[in-house]
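1. Structure for this input, please:
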Amino acid sequence: MNYSIPYGKQFISQEDTDAVIEALHSDFLTQGPKIAEFERNFANYIGCNFAVAVSNGTAALHLALLAFGIKKGDRIITSPITFVASANAALYCGAEVYFADIDRDTYVISINSIIQLLKTHPKGYFKAIIPVDFAGYPVNLEEIKTLAHEYDLLILEDACHSPGGYFMDSANTKQNCGNCNFADAAVFSFHPVKHIAAGEGGMITTNDETLYKKLLILRTHGITKENMQLDFPEPEKQGVWYYEMQDLGYNYRITDMQAALANSQLKRAEEGIIKRHEIAKKYRKAFDATSIKIQKYDSNYFNAHHLFVIEVEDRKGLYDHLRECGVFAQIHYIPVHLMPYYRQFGSKEGDFSIAENYYKHCISLPMYPTLTDKEQDYVIEKILTYCCK
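-> Sure, this is the predicted structure:
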């Protein structure tokens, strides 16, 4: 049999299709009721007070930082092992980006590296931190919150990889990724390879009502029909058409069709998480007692498994071998600080040794709920044949 197995893949059910068709035949293609419905359902799923749906995960990052008041001259901290959007969003606001190295076993931002960075700069030097739940592994935001309180930092959790993930806090209470109990806001993505696919789309979650209202205005050009600022001498002449642009916002809206699709997919979110864990368990068992390194497993951290990453000595050789066998693994990620654009700010090879070493060896294996046992067995066989020959 000739295989063609990607690293990630969406699944569109008949229910998903029906939901989109219903939206297409409704009175609203955008700015309609499906968006608010999805926001309510997603907030309930995550366990937060408010959710704001936007056009994509990058827009979510950008709007959240704008709502934080991030501006030129501010400085934010994030991980070098993430998609570039986590850092780029700060640059969109005119801020500067500083990186902290990753933990060598979990691959998420290292608390010790953050502490070192904070201690070598005066208090107030940094305005915010963007920890990333890499591959679905939750960052311990309780630890980050302690630092944020000491150093006056805002926290924006990049949870694009981790809907459905959680960690157990010091009180042994489950803390869902994105519930914002230890963060000011969190962001999610609904790209096709993510847990919930909407084609494109993103979400910002928060428990701060003031921040929530700010996000609603920024999402739609800075325009609102509430809390009017201008006082007209003849207000009765202003009809229901009247609105005000009170801030410089963006057109970062999601459509009703996308919201309908995402809402339908949300209904299967737990089912997808269960399947991802079955796949991860099988990978872990297959690679146990080999030289293949996998992301740390910890019962106090429930990995949402957007990705399943391994580290091998001959990454390029394995990558090419898998492609020749019809297995299209992927690399996540090239360290952001080594991108040509970021080198202009002084970044160079050797700045973050753990992140750079990880990149030299990492490869993401197929991980999606519709991956069959037979396909996964084939992937495992090809990896073991190459790495353990």
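2. which residue ranges form the helices in the stretch 201-350 of the chain?
-> In the stretch 201-350 of the chain, helices defined by DSSP state H, counting those that start in this stretch lie at 209-219, 256-266, 269-287, 315-324, 340-343, listed in chain order.
3. Show residues contacting the longest one.
-> By CB atoms under 8 Å, 6 or more residues apart in numbering, the residues outside helix 269-287 that reach it are 45, 136, 163-164, 195-196, 294, 297, 303-305, 308, 310, 365, 367-369, 371, 376, 380, 383-384. Any C-beta I mention is one placed from the backbone N, CA and C, and that applies to glycine too.
4. residue ranges for the strands of the stretch 1-150 of the chain, please.
-> Using DSSP state E, counting those that start in this stretch, the strands of the stretch 1-150 of the chain run over 5-6, 50-54, 75-78, 96-99, 128-130.
5. how about the ones you listed in JSON lines, adding mean neighbour count?
-> Shown next, in JSON lines, are these (neighbours: other CB atoms under 10 Å):
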{"stretch": "strand 5-6", "mean neighbour count": "18"}
{"stretch": "strand 50-54", "mean neighbour count": "26"}
{"stretch": "strand 75-78", "mean neighbour count": "22"}
{"stretch": "strand 96-99", "mean neighbour count": "20"}
{"stretch": "strand 128-130", "mean neighbour count": "25"}
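6. Among these, single out whichever gets nearest to Gly350.
-> strand 96-99 (12.8 Å; CB to CB).
7. Do me a favour and get the end-to-end distance for stretch 352-367?
-> Stretch 352-367 has an end-to-end distance of 28 Å (CA to CA, to the nearest Å).
8. Could I get the average pLDDT for that stretch?
-> Across stretch 352-367, pLDDT averages out at 98.
9. Pull out the buried positions in it.
-> The neighbour-count check on stretch 352-367 (16 or more other CB atoms under 10 Å) flags 352, 354-356, 358-359, 361-367 as buried.
10. Low-confidence bits of this protein, can you list those?
-> Within the chain, the stretches with pLDDT under 70 are 233, 235-236.
11. Pick out the residue nearest the middle of it.
-> With distances taken as CA atoms, centre = their mean, Cys160 lies nearest the centre of the chain, 1.6 Å away.
12. how much space between the nearest residue to that one once chain neighbours are set aside and Lys71?
-> Spatial nearest neighbour of Cys160, excluding adjacent residues (CB to CB, 6 or more residues apart in numbering): Ser189 at 3.9 Å. Relative to Lys71, Ser189 is positioned 25 Å away (criterion: CB to CB, to the nearest Å).
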